[in-house]
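Peer 1: Kindly return the folded structure for what I paste below:
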Amino acid sequence: MFEDPVLRTINSYDQVAEEYTARTRIEGDRKFCEKMLDRTSDILPPKPRIIDLGCGDGRDVAYLGRKGADVVGIDLSAEMVKLARRANPHQTFLKMDMRNTVFPDESFHGIWASASIIHIPKAQIHTLEREVYRILEPQGVFAFSFKLGEGEGFEKCGAMKEHPRYFVYHTLEDVRHLFKKFEITDHVEYPHKVLDSLFMYCWAVKR
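Peer 2: As a prediction, the model looks like this:
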């Protein structure tokens, strides 16, 4: 039914969106994530236009909005978008595929993708890279996190042990190779495992 691993993964999120959101609020490291958001804000212009790719329940959109950014969140999961709109009625959330958005060229100063590109198969990264490059302003910043490791495939793990999701693991060198249109200027590894995985954040500038 779901030939695209991303769509099968989104179906899993749609089935347990509320449970997943509740568990990640408990098991995630919110303080560290907010430090990464602050780090991103600090290298963007005042009142930047930012898009959150794979925004989930919208907590990062809300945080960036409180810091003065003009933010829009997109997610392919209809149930996640519903949760985000309910929790943050004054913010904008759209059901949309990060690989193919509707925004005009060079729409954003910054792009935030926390634990969302982890579901994009390596064979499709070039499609995502092309879209991110298109909607980002010249010298714009792409901030994203990924799972450290090697391999890809469906797993039942973390906060959704009964629902398979497609996970992709990268090394820093993988990421440098895959995102050739960007220059990675900084990176930070999570100090501990979160939801059974090690993550790294990267900041990359559009070439």
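Peer 1: neighbours around Lys156, how many?
Peer 2: 11 (other Cβ atoms under 10 Å). C-beta coordinates here come from the backbone N, C-alpha and C atoms, glycine included.
Peer 1: which helices and strands sit right next to the helix or strand of the chain with the lowest mean pLDDT?
Peer 2: Sorted by mean pLDDT, DSSP states H and E, the helices and strands of the chain end with helix 17-27, the least confident at a mean of 86. Using 3 or more Cβ pairs under 8 Å, 6 or more residues apart in numbering; DSSP states H and E, the elements in contact with helix 17-27 are helix 78-87.
Peer 1: State the mean pLDDT of the helix it packs on.
Peer 2: For helix 78-87, mean pLDDT rounds to 98.
Peer 1: So what touches it?
Peer 2: 13-15, 17-18, 21, 55-59, 61-62, 73, 75, 91, 93-95 (Cβ atoms under 8 Å, 6 or more residues apart in numbering).
Peer 1: Now the element after it, going C-ward?
Peer 2: With elements assigned by DSSP states H and E, the helix or strand that comes after helix 78-87 is strand 92-95.
Peer 1: Would you mind finding the longest helix in this structure?
Peer 2: Scanning the chain for the helix with the most residues, using DSSP state H, yields helix 30-42.
Peer 1: how far does the next helix or strand after that helix sit from the chain's center?
Peer 2: For helix 30-42, the following helix or strand on the C-terminal side (DSSP H and E) is strand 49-53. Computed by Cα atoms, centre = their mean, to the nearest Å, the chain-centroid distance of strand 49-53 equals 10 Å.
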